[in-house]
Every structure is written in C-alpha cells, then in structure tokens.
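Peer 1: just coords:
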C-alpha cells in the first residue's frame with residue numbers, strides 16, 4: 001500500500017512539473033519577452049540646491065542630461081503599453097563624484113520590467129564657484145533724429161548691473177550695454193531696452209547660468225529742435 005502511494009506521488013509531481021512547463025511555454029508564446037527603445041529621454045537632476053548652498057553653480061556638459069536612447073526589456077503586454085513619458089531617469093547631485101559626474105538611475109513608472117539601459121549612465125557637470133559683480137552700464141543711440149533736431153541728453157534709470165554666475169564667465173565681463181533707437185525722432189523718446197554683456201574685445205557674452213539683476217532698463221532721450229540764428 002505504501003509503495004503504491006509513493007508511486008502515485010511521483011506521478012503527481014511529474015504531472016505538476018509538466019503542467020508548469022506547459023503553462024510557461026504558453027505564457028512565452030502568448031506574452032513573450034520583448035524589447036522596445038525610446039529616444040531623447042531627459043535626465044532630471046535632483047538635489048541641485050545643495051550646490052547653491054555651497055555657493056557653486058553648475059553646467060551640464062555635452063548634453064549628458066539627455067539620453068539618446070533608452071532600451072527596455074519586458075513582457076510584450078507591458079512594452080506594448082509603454083510610452084516615453086513612463087521612462088524616468090534621475091541623477092542625484094548629492095552623490096556627485098570628485099570628477100563631477102553623477103550616476104543616472106532608471107526606472108519605469110507603474111510597470112515591472114526585466115531590464116532598462118540607457119545610451120550612457122553618467123551626467124557630467126562643470127562645477128564652479130559662484131561670483132557676483134557690479135558691471136558698468138554704457139548706452140548708445142541708434143539712428144539719426146530728424147533734420148533740425150538734436151539729442152539733448154540720454155538718461156538710463158540706472159548706470160550699473162549686478163551679474164551673478166560662474167566665476168570664469170563673470171570675470172570676462174568688461175561692460176554692459178544697451179541701445180535705444182532715435183531714427184527720425186522729433187520728440188522725446190523713452191523705452192525699456194534689453195541689456196547685453198560684453199568682454200574687453202566687444203564680444204557678446206552669453207551663458208545659461210548668468211543672471212542679471214535686471215534684463216531691461218528704462219531709457220529716456222531728450223530731443224530738441226535747433227534754432228536758426
């Protein structure tokens with residue numbers, strides 16, 4: 001009797017194993033593993049305020065905060081539903097290395113995947129000390145007033161600009177300049193005009209981390225008629 005029960009148990013275990021194998025094969029046929037690729041996935045930098053607290057500024061190098069390609073492997077039922085918005089790539093600046101690189105962590109929102117890989121796995125930063133400087137503001141008039149009129153004076157509402165940014169960039173700034181058009185004017189002119197920054201060789205300086213305390217200044221131009229003597 002005991003031998004018969006043992007024999008039946010073996011058959012039952014074999015049947016169970018075969019059933020599992022059959023189920024697994026069916027799943028693989030009906031819902032096989034699949035791979036899908038997404039392009040131009042942005043990397044979100046988190047905890048960047050830690051650099052600001054250290055009086056530092058950063059710049060992302062070589063567009064490493066954008067992933068040219070992200071490849072996800074999962075069951076087809078999942079990959080068929082995935083969108084680019086479901087892919088999350090984050091770089092935690094609190095874990096920045098001595099060579100200013102930050103590892104990228106990947107995950108997919110609300111889905112279980114087998115693997116996820118990006119075209120690169122590090123964000124590279126250029127980190128510098130933050131510097132603030134007051135820069136002298138110069139101004140020009142553009143064009144000629146009408147015949148028999150002259151410019152009696154030009155008055156900006158301020159004569160200097162506070163600029164904050166990476167030390168290496170701010171140190172190159174020689175002056176700030178703004179221009180107001182007066183072509184054909186017969187009356188006083190006033191306008192809010194943009195401020196641009198220049199180096200000593202009169203080249204415009206632009207940088208994403210440069211911040212001016214004002215981007216526009218208000219200018220007034222006094223225009224007077226000339227008198228014949």
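Peer 2: Perfect, thanks for sending it. Just so you know, these numbers come straight off a predicted model, no measurement behind them.
Peer 1: Who are the contact partners of residue 124?
Peer 2: Residues near residue 124 by C-beta atoms under 8 Å, 6 or more residues apart in numbering: 60, 61, 62, 64, 100, 101. Placement of C-beta: from N, CA and C, glycine included.
Peer 1: scratch that, residue 108
Peer 2: With C-beta under 8 Å, 6+ apart, residue 108 has these contacts: 72, 74, 82, 86, 87, 88, 116.
Peer 1: Take those residues and, keeping just the buried ones, write it as a PyMOL select command.
Peer 2: Selecting only the buried entries of the contacts of residue 108 in PyMOL, with 16 or more other C-beta atoms under 10 Å as the criterion:
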select buried, resi 72+74+82+86+87+88+116
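Peer 1: can I get the contacts of residue 108 in CSV with distance to residue 40?
Peer 2: Below are the contacts of residue 108 laid out as CSV (distance: C-beta to C-beta, whole Å):
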residue, distance to residue 40
72, 15
74, 21
82, 15
86, 15
87, 11
88, 15
116, 16
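Peer 1: what distance separates stretch 104-116 from the centre of its chain?
Peer 2: 22 Å (C-alpha atoms, centre = their mean, to the nearest Å).
Peer 1: could you give me the average pLDDT of it?
Peer 2: What stretch 104-116 shows for mean pLDDT is 87.
Peer 1: Stretch 40-49 too?
Peer 2: The average pLDDT for stretch 40-49 rounds to 96.
Peer 1: circling back: show me which of the contacts of residue 108 is closest to residue 52.
Peer 2: residue 88 (23.7 Å; C-beta to C-beta).
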